[in-house]
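Visitor: after the sequence you'll find the predicted model.
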Amino acid sequence: MNILNINSSSNKQNSISTSYAEKLIARIKEVESNVTVKERHTTYSDLPFLNEEMLASLFVKGERTAEQEEALKLS
């Protein structure tokens, strides 16, 4: 099971939603043996916004080019 945990709280120390998400993921890990979690925090990272290249790469019919694959690495 793959989990993408996106945290956008600006409350760095006492975020209730962050605490809830962490507890939920911990419970899932107790039940599921094969869990991979990717953490993305929009406040701490400089993730790119969705741009035309990324959007176009999502809807390619057939094989993607190397540039399109690169554009989707963080998606």
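Guide: Received the coordinates, thanks. Residues are numbered from 1 along each chain as shown.

Visitor: CA only for contacts and neighbour counts going forward, please
Guide: Fine.

Visitor: what does the lowest-mean-pLDDT helix or strand in the chain rub up against?
Guide: When the helices and strands of the chain are scored by mean pLDDT, DSSP states H and E, helix 52-58 comes last with a mean of 81. With CA atoms under 8 Å, 6 or more residues apart in numbering as the test, helix 52-58 has contacts from 64, 68, 69, 71, 72.

Visitor: and the helices in the chain, which stretches?
Guide: 16-31, 52-58, 66-71 (DSSP state H).

Visitor: tell me where the protein is predicted with low confidence.
Guide: Scanning the chain with the threshold set as pLDDT under 70 gives 46-50, 75.

Visitor: would you check the distance separating stretch 28-41 from the middle of the chain?
Guide: 12 Å (CA atoms, centre = their mean, to the nearest Å).

Visitor: wait, I meant stretch 9-27
Guide: Distance of stretch 9-27 from the chain centroid (CA atoms, centre = their mean) equals 15 Å.

Visitor: put the alpha carbons of that stretch into PDB.
Guide: Output in PDB follows, covering the C-alpha atoms of stretch 9-27 (Å, rounded to 0.1, in the frame of the first residue of the first chain):
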ATOM      1  CA  SER A   9      -0.500  23.200   7.800                       C
ATOM      2  CA  SER A  10       1.400  26.400   8.600                       C
ATOM      3  CA  ASN A  11       1.300  25.500  12.300                       C
ATOM      4  CA  LYS A  12       4.600  23.800  12.600                       C
ATOM      5  CA  GLN A  13       4.500  22.600  16.200                       C
ATOM      6  CA  ASN A  14       0.900  22.100  17.200                       C
ATOM      7  CA  SER A  15      -1.100  21.100  14.200                       C
ATOM      8  CA  ILE A  16      -4.100  19.100  15.000                       C
ATOM      9  CA  SER A  17      -4.600  17.800  11.400                       C
ATOM     10  CA  THR A  18      -0.900  16.800  11.200                       C
ATOM     11  CA  SER A  19      -1.200  14.900  14.500                       C
ATOM     12  CA  TYR A  20      -4.400  13.200  13.300                       C
ATOM     13  CA  ALA A  21      -2.800  12.200  10.000                       C
ATOM     14  CA  GLU A  22       0.300  10.800  11.800                       C
ATOM     15  CA  LYS A  23      -1.900   8.700  14.100                       C
ATOM     16  CA  LEU A  24      -4.000   7.400  11.200                       C
ATOM     17  CA  ILE A  25      -0.900   6.300   9.300                       C
ATOM     18  CA  ALA A  26       0.500   4.600  12.400                       C
ATOM     19  CA  ARG A  27      -2.700   2.600  12.800                       C
END
